[in-house]
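>>> With the sequence up front, the predicted model follows.
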Amino acid sequence: MSNIPLTLKYTQDHEWIAVEGNHGKIGITDHAQEELGDIVYVELPEVGDKIIKGEPFGSVESVKAASDLMAPVSGTVVQVNESLDDSPELVNESPYDDGWMIVVEVEDESELDDLLTPAEYKSLVEGE
C-alpha cells in the first residue's frame, strides 16, 4: 500500500501539495513513483514561471515511461528542487521529502478546495 500523508492534498493525476501560508510545495505521490519505476530525469519550470491549475508544469521520465506533471493549483514558481537535476532518484526514494519538485506562490486559495483529501486519494488509488 502506498504511503499517503494525511497533511497533504492530492490531484487525480497523483500530484501532492503541502500548503504553508500562501506557498504550496508540490511533488508526485508515492503511488505515482511506484507506477513509474526508476526515475531517470525530471524536467521542471524555472523560478518566476507561472503554472496553471490542471496544465502540465513539467515532466518526469522513468525507465518505463514519460509522464506530464499536472499543476494542482495556479501560481508563480518561487523555488525549484535543483538537487533533482543530478539525483532524480530522490523522487523514488523520498517522494514527500527530498523528492519534492517546486514551491509556488498560490494565486487563488479556493483552487485547493477542488483537490482530494487523503481519504479520497486513497479510494482513487485503491480503485485503479
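It's in.
>>> where does this protein dip in pLDDT?
1 (pLDDT under 70).
>>> What segments of it are helices?
30-36, 83-86, 90-93, 118-126 (DSSP state H).
>>> among the ones you listed, which is nearest residue 73?
Each of these was scored for nearness to residue 73 using Cβ to Cβ, and the closest is helix 118-126 (15.7 Å). For glycine as for every other residue, the C-beta is placed from the backbone atoms N, C-alpha and C.
>>> re the thing from before, let me know which of the helices of the chain is tucked in deepest.
Among those, ranked by average contacts under mean count of other Cβ atoms under 10 Å, first place goes to helix 30-36 (a mean of 20).
>>> From the chain's centroid, how far away is that helix?
Relative to its chain's centre, helix 30-36 lies at 11 Å (Cα atoms, centre = their mean, to the nearest Å).
>>> If you count contacts, what does that helix end up packed against?
Helices and strands touching helix 30-36, by 3 or more Cβ pairs under 8 Å, 6 or more residues apart in numbering; DSSP states H and E: there are none.
>>> about what we covered before: which stretch among the helices of the chain comes nearest residue 105?
helix 83-86 (20.2 Å).
>>> Excluding chain neighbours, what is closest to the most centrally placed residue in the chain?
Closest to where the C-alpha atoms of the chain average out (Cα atoms, centre = their mean) is residue 27, at 2.4 Å. Spatially, and ignoring its direct neighbours in sequence, residue 27 is nearest to residue 100 (4.3 Å; Cβ to Cβ, 6 or more residues apart in numbering).
>>> The one you found contacts residue 24, correct?
No: Residue 100 is beyond contact range of residue 24, at 10.5 Å (criterion: Cβ atoms under 8 Å).
>>> So the two - more neighbours on which side?
residue 24 (25 against 22; other Cβ atoms under 10 Å).
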